[in-house]
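Asks: how would this look folded up:
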Amino acid sequence: MLIHEVSEYVNWEIRQPEFYIQELLAKEGSLLIYGAPGVKKSWLVEYMGFCVATGSEWLGFPTQQARVLLVNFEISSIGYHWRLKDMNRNFALEPQMLYEASPSITPLDERAIFDRFAADVRPIQPNVIILDCLSGCFGGDENNSREMSTFIRHISELKAEHLASVVIVHHSNKNILAVSAMDRSRGHTKLPGWVDTVIYMVKQPSGVQLQFSKTRLSRRELRSINIQFQDHVWSLRTGQGGNDGVVEH
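Replies: As a prediction, the model looks like this:
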């Protein structure tokens, strides 16, 4: 363990954290997006994948272009193909910047299955890996601390090998009495506790809202933003500018 004398340590020239999505997804970082079924979580992360792969702004947040791997564990391969085809009409996608895989159920908490998955990912060398969703890539008990720790350890290995960032899509629980959005993520608290950023995607009377429950590496307080989905593209709802959801401390 290294112990630093802070009056000296703060004068060291250490690079600041860099982001693929400013304030939200750091390089080598982790992000959890969760919400109820039908809120269009998959559409949101597909859009995120296109935005990062092309260096396009994502809902008012600047991105840095990077190679992205979208791994879909729920939707049929044909259905996913047509989703990507429809969304692609809105982007100028360069070759070898966005990849997809639709392997169906793949419990990455099981060592042998994870090793095969990692071998398949290795040739692509992605900068950002999006896993959609947890129920399709985790075969254990979501409420079991030990089993969730195994999954996190495997995903950490994948991140370390590629110096990659990871985005995990998950479901919310049915606890309508939960005060904090952090408490609405289904399963053990180890997962939202491990990731750097937690985004709760929820339907509101006015539409869909993103609530930034945890932004560990952001220097700013992020307010909730209201978004809408139209013509296979997500955007901020009318009347909400690109910086309205971000407030400096």
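
Asks: Could you use CA atoms for every contact and neighbour count after this?
Replies: Will do.

Asks: Does anything pack onto the helix or strand where Tyr80 lies? Which helices or strands?
Replies: Using DSSP states H and E, Tyr80 maps to helix 77-88. Counting contacts by 3 or more C-alpha pairs under 8 Å, 6 or more residues apart in numbering; DSSP states H and E, helix 77-88 packs against helix 41-54.

Asks: following the helix it packs on, which helix or strand comes up?
Replies: Following helix 41-54 in sequence order, the next helix or strand is strand 68-72 (DSSP H and E).

Asks: Next, the buried residues of that following strand.
Replies: Of the residues in strand 68-72, Val68, Leu69, Leu70, Val71, Asn72 count as buried by neighbour count, 16 or more other C-alpha atoms under 10 Å.

Asks: just these now: which is nearest Val202?
Replies: Nearest to Val202, judged by C-alpha to C-alpha, of the buried residues of strand 68-72 is Asn72 at 20.9 Å.

Asks: For that closest one, which residues are in contact?
Replies: Tyr80, Glu100, Ala101, Ser102, Pro103, Ser104, Leu131, Asp132, Cys133 (C-alpha atoms under 8 Å, 6 or more residues apart in numbering).

Asks: same thing but at 6 Å, please
Replies: Ser102, Asp132 (C-alpha atoms under 6 Å, 6 or more residues apart in numbering).

Asks: mind checking how far it is from Arg223?
Replies: Distance of Asn72 to Arg223, computed by C-alpha to C-alpha, to the nearest Å: 29 Å.

Asks: Mind pulling the model confidence for the residue nearest in space to the middle of the chain?
Replies: A centroid search over the chain (C-alpha atoms, centre = their mean) returns Val167, at 2.7 Å, as the residue closest to the centre. The score at Val167 is 98. That number is its pLDDT.
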